[in-house]
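**Q** Provided below are the primary sequence and the corresponding predicted coordinates.
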Amino acid sequence: MQPTFVLVHGAFANSFSFAPLQAELGLLGHRSVAVDLPGHGFRATFTRAYQAPQDLEGLATAPGSIKGVTLADNAAHLIGILERAKRNGPVILVSHSRGGITATAAANARPDLIDRIVYVSAWCPVRLDVGDYYAEPEMAGIDPTAFASALAGNPAELGLLRVNFRTGNPDSLAAFKAAFFADGTDEQFLTFLNTFQPDENLDAGGSADRAQAATWGRIPKTYIRLADDASLPLALQDRLIREGNELTPDNPYDVHTLGGSHLKWLVDPAPAARALGALATLPAPSGQA
């Protein structure tokens, strides 16, 4: 039966960013569903203070709908979509970036709903919590303060993380481009930046949300490395692959590599669509359901 690709976005993103990829998948004959996690897409908060001319004081204090949203909320929402998709046949769950945390949590809870799980330069914590990986050597080149000038408000007071992606600050824009889309044109970069939403939830999960061998580990899994990713560096991607393989040595990752930055694969999606399409007929590893 034809599988359904269920696509899970990363931080500050939404289903809209998958539109070019879905078009390519559709033209290759594949069915796909792009997910908006709670507080994302048309449920996101875009205040008048975020419009031009911006009211930075208002932006720093305006409430956001994503306040209080937890990883458990994200996983429950995704599981509901997986349940519906599974009625139509096999499901291939594809996540990007921070979306991998939600995909992993859903796989821990309901491995029966997923026929293959795919991480595209995405987080799949195994030995550490996500935040702790930032102190590891693989993330030594990441400057956690690079976006500080674009932060709006106090996350502890707002109950969410808010970033002003519509800033005109050249240093902030340069930091965004270097991290996300260094290989794109300025026009492509600004276009993608304008698909981002300002708010993200604070809950990135804890030790109980790391990949679990007994559940997550039963699912055939693929990791698509992004060779030029400066946001989730290749060394960290390889560490996540290695740790996952050590957790489930009888069910290792099927690994592929695409060139390009963190966002390039979404703007020029044909190579990624072909790689994903090939997974639709990939047999499960020996002994896997």
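**A** Perfect, thanks for sending it.
**Q** from Gly168, how far off is the residue located most distally from the centre of the chain?
**A** In the chain, Pro53 marks the outermost C-alpha relative to the chain mean, sitting 30.6 Å out by Cα atoms, centre = their mean. Pro53 sits 10 Å away from Gly168, going by Cβ to Cβ, to the nearest Å. The C-beta positions use only the backbone N, C-alpha and C, and glycine is treated the same way.
**Q** one more: Ala235?
**A** From Ala235 over to Gly168 (counting by Cβ to Cβ), the distance is 33 Å.
**Q** got it, and Leu158?
**A** Relative to Gly168, and taking Cβ to Cβ, Leu158 is found at 22 Å.
**Q** neighbour count winner among these two?
**A** Leu158 (19 against 9; other Cβ atoms under 10 Å).
**Q** does that one touch Ser65 like I think?
**A** No - at 11.6 Å, Leu158 and Ser65 do not qualify as touching, with contact defined as Cβ atoms under 8 Å.
**Q** give me the common contacts of these two.
**A** Common neighbours of Leu158 and Ser65, counting by Cβ atoms under 8 Å, 6 or more residues apart in numbering, are absent.
**Q** one step back: checking the residue farthest from the centre of the chain next. Helix, strand or coil?
**A** Under DSSP: H, G, I helix; E, B strand; the rest coil, the three-state class of Pro53 is coil.
**Q** quick one, grab the pLDDT at Pro144.
**A** What the model reports as pLDDT for Pro144 is 72.
**Q** distance of it relative to Thr281?
**A** 41 Å.
**Q** got it, and Leu247?
**A** 26 Å.
**Q** what segments of the stretch 51-200 of the chain are strands?
**A** 91-97, 116-122, 161-162, 199-200 (DSSP state E, counting those that start in this stretch).
**Q** report all helices and strands that the first one contacts.
**A** Secondary structure elements in contact with strand 91-97, counted by 3 or more Cβ pairs under 8 Å, 6 or more residues apart in numbering; DSSP states H and E, are strand 4-8, helix 71-86, helix 99-109, strand 116-122, helix 270-279.
**Q** what's the closest of these to Asp203?
**A** Ranking these by proximity to Asp203 (Cβ to Cβ) places helix 71-86 first, at 4.7 Å.
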